[in-house]
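Enquirer: Give the three-dimensional model of this entry:
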Amino acid sequence: MTRAECIAVWKAARDGDDAKLQKMLVDSPDALGPNLVNWKHHRKGTTPLMVAAESRRGESIMRQLIAAGADINAEDATKLMNTALHYAAMTNRDSLVVDVLLNEGADAFALNRKGLSPLDLARQYRRGAVAAALTEHMKVHSGWLYLRGQFRWKKRWGVVVACNKQRTSRELCVFHNPEDIRPDAVLLVDEAARAAPFASNDSFCWLKRENAFIFDKPVMCQRVKRQKLTRSPVCRKTMSQEDVQTRDLVFAADKLQLLRS
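Expert: The predicted structure follows:
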């Protein structure tokens, strides 16, 4: 297997040349197939699957590469360490490529070197259809939620998404409206936290609400602005620089299931 052969496969994947890629894969010995499709470009650091994932119509190419042994969750050889799903999330305006990767077992929870998931990048680059597909894949529950402020309750759309494959770790994404791409805030509740009813002793009736509850551990809240959302690749929990606060928040919902589903 020569570098020229590897580059030819990489370029065919990048250009969406279905016939050329198929011929090269058929002509190569079976033992060399996985090496060809997992080769990382000597300058770009990307695999053929990654460049195919950036293409608008890369579904057929990706299926060929995966059938030939492409590692769907491989990380690139750059300082960012993105996967093919990260590339698809950044560049695609529809969800077709992302759907193929998810159906073939791509890890939607993979974090790059900056601590960003494919969903984070789709939101950051405002890829609405891609963000919707990834959210649906990771979603545990969604519905209207009320957050108590100092003087009033704020009605927000809440989406609980899993943070790992086991779905044991979850976070709450808070949006102004259901159609928003980027959340206003991401709230992480400790896995060991338990919800308890909140009985308000306020004299102001407008601060009292049915189905109000709190958690027995502080909630970590990160404001999502100016693309500063980040996560820790080590603990896989929301963390940050200056935009994170640990707060004791009071919630309310029409039904007490939003964060416990």
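Enquirer: lowest confidence element among the helices and strands of this protein?
Expert: When each helix and strand of the chain is scored by mean pLDDT, DSSP states H and E, strand 238-239 comes last, with a mean of 46.
Enquirer: and stretch 92-110, which residues are buried?
Expert: 92, 95-98, 100-102, 106-110 (16 or more other Cβ atoms under 10 Å). No exception for glycine: its C-beta is placed from N, CA and C like everyone else's.
Enquirer: show me where the protein has helices.
Expert: Ranges of helices in the chain, per DSSP state H, are 3-15, 18-27, 33-37, 48-53, 59-67, 84-91, 96-103, 118-124, 128-138.
Enquirer: ranking those by burial, who's on top?
Expert: helix 48-53 (a mean of 29; mean count of other Cβ atoms under 10 Å).
Enquirer: Would you quantify the distance from D71 to F251?
Expert: To F251, D71 is 41 Å away according to Cβ to Cβ, to the nearest Å.
Enquirer: quick one: which of these two has more around it?
Expert: F251 (26 against 15; other Cβ atoms under 10 Å).
Enquirer: count of residues packed around A196?
Expert: By other Cβ under 10 Å, neighbour count at A196 equals 10.
Enquirer: I'd guessed it sits against A212; true?
Expert: No - A196 is beyond contact range of A212, at 10.2 Å (criterion: Cβ atoms under 8 Å).
Enquirer: With only the CA atoms kept, save stretch 106-126 in CSV.
Expert: Extracted as CSV, the C-alpha positions of stretch 106-126 are listed here (Å, rounded to 0.1, in the frame of the first residue of the first chain):
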residue,chain,number,x,y,z
ALA,A,106,-21.1,6.8,15.5
ASP,A,107,-20.7,8.1,19.1
ALA,A,108,-22.8,11.2,19.5
PHE,A,109,-21.2,11.8,23.0
ALA,A,110,-17.6,11.9,21.8
LEU,A,111,-15.8,15.1,22.9
ASN,A,112,-13.0,16.7,20.9
ARG,A,113,-9.9,18.3,22.4
LYS,A,114,-11.9,21.5,23.3
GLY,A,115,-14.4,19.4,25.1
LEU,A,116,-17.2,19.9,22.5
SER,A,117,-19.6,17.2,21.3
PRO,A,118,-21.0,17.1,17.7
LEU,A,119,-24.2,18.6,19.1
ASP,A,120,-22.3,21.5,20.6
LEU,A,121,-20.6,22.2,17.2
ALA,A,122,-23.9,21.9,15.3
ARG,A,123,-25.4,24.6,17.6
GLN,A,124,-22.3,26.7,17.4
TYR,A,125,-22.3,26.7,13.6
ARG,A,126,-26.1,27.0,13.6
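Enquirer: Over it, what's the mean pLDDT, rounded is fine.
Expert: Per-residue pLDDT values over stretch 106-126 give a mean of 93.
Enquirer: Identify all contacting residues around it.
Expert: Contacts to stretch 106-126, defined as Cβ atoms under 8 Å, 6 or more residues apart in numbering, come from residues 72-73, 75, 79-86, 88-91, 98, 102, 130-131, 134-135, 137-138, 161-165, 181-183, 224, 227, 229-233, 236, 239.
Enquirer: which residues of this structure score low on pLDDT?
Expert: Across the chain, the ranges flagged by pLDDT under 70 are 30-32, 200-208, 225-247, 255-261.
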